[in-house]
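Trainee: Compute the structure for the input listed below.
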Amino acid sequence: MTRSRFVAAVRSALCVVLLATLYGYPAQAQYAVANKATPDAYDWNNRPPDPRFKADILVVVAHPDDEIMVAAYLAREIYDHHKRVAVVFQNPGDGGNNQVGPEQAAALGDIRQIEGHTAVASLGITNVWFLNGHDTASQNVLTSLEHCGHGGCLDQLVRIVRITRPSVILTWLPDFTTGENHADHQAAGVLATEAFDLAGDPTVFSEQVSPAIHPDVAMNMTEALRPWQPEKIYYVYNPTHDIFDGQGPQYSSHDVSPSRHESYGMLAAKEVSHHVTQGGGEVTKAIANGTAETNPEELTKLAMQPVKFIFGKSLVPSGVTDDVFAGVVPEGVPFQRAPGYTAVKYSEPTLLIGDPWAFYQKLWQAHGLEHLKKLVPLEISIHTNGVFYIPLIIQNPLDHAIDVNLSAQAPAQWKVRPLSPLSVPAHAQYYARVTADAPSTKLPGWQQFSVTAESGGKSLGTIPIRVELSNGWVAPQ
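Mentor: Below is the predicted model of the structure:
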């Protein structure tokens, strides 16, 4: 210590003693006041979550305009039950059509993002996110999950669940049924189901729930969120046949809002009219000429139809058809781990359906949704003149290879392509498929198929599957 610093230190100490003498405070206390610790910004990690983003309902759908499936219900909850809603779109709809301009692909996606924001804002929803997915023309959910980068999209969605802290998640049904079986719809449902079960687990995307090291400065790499367990999840779908009876609560779109003095269906129609590239202009015309209630245009029909939910699961006491918010507790519930997937052990060679149906069966088991197995049988929509593939799995747990013969039963006017004998190695999971060419005209009713496998005179099983022929738009299989 230099002489000048020594003198300064002595003077400081003498001042403390003098102040203590003058005011009667102990010198030790005065020294502590003079050297009081600076507040640690690390304590900022203990601040409550930002209330601007808290949601009662988180809607997770695939494309801008998919929210029409629940728009009438959202109008009911927002306007007359004062619920807070946030929306997540899995992709911007960059592979769709454009009914008003030349813009396509990425340009169309940019436009549809604006339409999505504007549409939900008409219901007062301002918290909107887009994941990094892309429009995928397929009926196979696994192609959509691959196209969006499954892990990256799940990371994003878990983060959004932790930011919004919803009580209820509404999303597309993760199942393969006839109708607009768009892979992106089912992918949104898969991601939402996974996020429902993972957002409350601090070991999942742990960097999201680790406190920031220096929260008072920029460039933190951990996010200081908290785990969050949603309480209930419900699914929606747009099938060609009714699958909803007794499966969940239903809400009329013709009921009139006490606060808005319009039907919830009309409020939904006004919401979807902002999706101009997707036909919103026709909805606007129907509203203007008073025909919205009976208009056959697809978006208007969806707005006016009842909102029908399929019960996913609830971590609070609630019946299958009870109100969506029955049993919900505002403070949230503790994390509850999903059952997880357990592989089936086969003792004999067995014929099984392949992906994507096989994937859904595993997903339901892993997430405690096995009641969905009873919702619909194996089914698919195929376009006239299209090609129908029946994917198969042959499990051979034996210590030796087996020869397998496949046979297929198909309706008249369908052409099943020749099937070759198969040699399935020992301890193998073997992939095969049956291919059939559809007739050129639409046939009424279900088209019933079955595939049987046989080895050494012994049946390995039979897979029944039904087809609905369509001459409208159908995504490729």
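Trainee: Residues contacting the strand ranked longest in the chain from elsewhere in the structure, which ones?
Mentor: Ranked by residue count under DSSP state E, the longest strand found in the chain is strand 458-470. With C-beta atoms under 8 Å, 6 or more residues apart in numbering as the test, strand 458-470 has contacts from 178, 240, 348-353, 377-384, 388, 390, 392, 394, 404, 438-439, 442-443, 446-454. All C-beta atoms are positioned from the backbone trio N, CA, C, and that covers glycine.
Trainee: How about stretch 199-208?
Mentor: Contacts to stretch 199-208, defined as C-beta under 8 Å, 6+ apart, come from residues 155, 158-159, 161-162, 198, 209, 221-223, 225, 227-230, 334-337.
Trainee: Can you point out the buried residues in it?
Mentor: In terms of neighbour count (16 or more other C-beta atoms under 10 Å), stretch 199-208 has its buried residues at A199, G200, D201, V204, F205, Q208.
Trainee: Pick the one among these closest to A303.
Mentor: A199 (30.6 Å; C-beta to C-beta).
Trainee: Centre of the chain to the helix or strand where S144 lies, how far?
Mentor: Secondary-structure assignment from DSSP states H and E places S144 in helix 141-148. Put simply, helix 141-148 sits 13 Å off its chain's centre (C-alpha atoms, centre = their mean, to the nearest Å).
Trainee: Okay, and which of the contacts of stretch 199-208 map to strands?
Mentor: Residues of the contacts of stretch 199-208 located in strands (DSSP E): none.
Trainee: now those residues: which count as buried?
Mentor: In the contacts of stretch 199-208, burial by neighbour count holds for 155, 158-159, 161-162, 198, 209, 223, 225, 227-230, counting by 16+ other C-beta under 10 Å.
Trainee: May I see the residues you listed organised as JSON lines, with distance to D216 added?
Mentor: Shown next, in JSON lines, are the buried ones among the contacts of stretch 199-208 (distance: C-beta to C-beta, whole Å):
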{"residue": "D155", "distance to D216": "26"}
{"residue": "V158", "distance to D216": "26"}
{"residue": "R159", "distance to D216": "22"}
{"residue": "V161", "distance to D216": "27"}
{"residue": "R162", "distance to D216": "22"}
{"residue": "L198", "distance to D216": "30"}
{"residue": "V209", "distance to D216": "20"}
{"residue": "E223", "distance to D216": "15"}
{"residue": "L225", "distance to D216": "18"}
{"residue": "P227", "distance to D216": "24"}
{"residue": "W228", "distance to D216": "25"}
{"residue": "Q229", "distance to D216": "30"}
{"residue": "P230", "distance to D216": "32"}
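Trainee: Selecting buried members of the contacts of strand 458-470 in PyMOL, what would you type?
Mentor: Buried residues within the contacts of strand 458-470, by 16+ other C-beta under 10 Å, are selected in PyMOL with:
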select buried, resi 178+349+351+352+353+379+380+381+382+383+388+390+392+394+404+438+439+443+446+447+449+451+452+453+454
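Trainee: show me where the stretch 301-450 of the chain has helices.
Mentor: Taking DSSP state H, counting those that start in this stretch, the helices of the stretch 301-450 of the chain run over residues 357-366.
Trainee: Do a quick rundown of the strands in it.
Mentor: Assigned strands in the stretch 301-450 of the chain, in chain order: 307-308, 310-314, 350-353, 379-383, 387-396, 402-409, 415-416, 422-424, 428-437, 447-455 (criterion: DSSP state E, counting those that start in this stretch).
Trainee: what's the closest of the ones you listed to W364?
Mentor: Within the strands of the stretch 301-450 of the chain, the stretch nearest W364 is strand 310-314; the backing value is 10.1 Å (C-beta to C-beta).
Trainee: coming back round to it: just the ones in helices from the buried ones among the contacts of stretch 199-208, please.
Mentor: Among those, the members falling in helices are D155, V158, R159, V161, R162, L198 (criterion: DSSP state H).
Trainee: what's the nearest residue to the first one if we skip its chain neighbours?
Mentor: Looking back up the chat, that one is D155. Leaving out its chain neighbours, the residue that sits closest to D155 by C-beta to C-beta, 6 or more residues apart in numbering is F205, at 5.6 Å.
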